[in-house]
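K.L.:
sequence and predicted structure, then a few things I'm wondering about:
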Amino acid sequence: MQLELPDNTLVVASHNQGKVREISALLAPLGFKVVSAGELDLPEPEETETTFEGNARLKAEAAMSASGLAALSDDSGLCVDALDGAPGIYSARWAGPAKNFAIAMRKVEDELIAAGATAPADRSAHFVCALCLSVPGRPSQVFTGRVHGEMLWPPKGEHGFGYDPVFKPDGHDITFGEMDPDAKHAMSHRALAFAQLVEALSPSGA
Ligand code: IMP
């Protein structure tokens, strides 16, 4: 990693504790000081774009401008094929102001049933993660990762966050919610986007 950052610090431009925890774990080997937007009391910008990439850029650039430091944002969500990609960029909003994911998972399941998607083959979905790195004086860079799988019901597992208990990644028999965090970090949409970020920043990719 050759990138020089002001104060050797990277702001994780998120107020979502689950994401901050996962991104901090992924960043740990890279040797930066990591602080969250919450710790710096930065405002949370409204997500007004129509794509994961657009919202990631908006969040990282807002955190960079407000802090004067390099910022890394994550815009992510769950896209269910039988629901035409919903909840998609609205994944957080389906949990309502109280951020209640029991309600959000139930809503996805109710809509799958309403769409007649009860057979496993009709319940395909993927998680998307767009990461944006904004460094003062450099153009922002966006990296996107996806992991495909199937929606299960009822929710299973206490690990992870958000929709993890109802998402079973392809090739596995358990949900992200049941998976050991290190196993999820090794294969998730976030890990795949992160691998591209590290590759782009490494001496051979820079
Ligand atoms: P946003 O990127 O802040 O708009 O929120 C993304 C939302 O997508 C989160 O609040 C979660 O509900 C969901 N999400 C994103 N990544 C994951 C994940 O790794 N597991 C479970 N849910 C996720």
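P.N.:
Ah, there it is.
K.L.:
stretch 150-160 and the ligand, are they touching?
P.N.:
Yes: Stretch 150-160 comes into contact with the ligand (Cβ under 6 Å from any ligand atom), by way of residue 160. Using the backbone N, CA and C atoms, a C-beta is placed for each residue, glycine as well.
K.L.:
what's the end-to-end length of that stretch?
P.N.:
End-to-end distance for stretch 150-160, by Cα to Cα, to the nearest Å: 17 Å.
K.L.:
neighbouring contacts of that stretch?
P.N.:
The contact list for stretch 150-160 (Cβ atoms under 8 Å, 6 or more residues apart in numbering) reads 18, 80, 102, 105, 108-109, 112, 120, 123-125, 164-168, 170, 174-181, 184.
K.L.:
distance of the closest residue to residue 25 other than its chain neighbours from residue 28?
P.N.:
Of all residues beyond its chain neighbours, the one nearest residue 25 is residue 185 (6.0 Å), with distances taken as Cβ to Cβ, 6 or more residues apart in numbering. As judged by Cβ to Cβ, to the nearest Å, residue 185 and residue 28 stand 10 Å apart.
K.L.:
tell me the centre residue of the protein?
P.N.:
Geometric centre of the chain, nearest residue: residue 76, 3.8 Å, by Cα atoms, centre = their mean.
K.L.:
hang on, that one packs against residue 19?
P.N.:
Yes: Residue 76 lies in contact with residue 19 (Cβ atoms under 8 Å); the separation is 7.4 Å.
K.L.:
who touches both of those two?
P.N.:
With contacts defined as Cβ under 8 Å, 6+ apart, the residues shared by residue 76 and residue 19 are residue 190.
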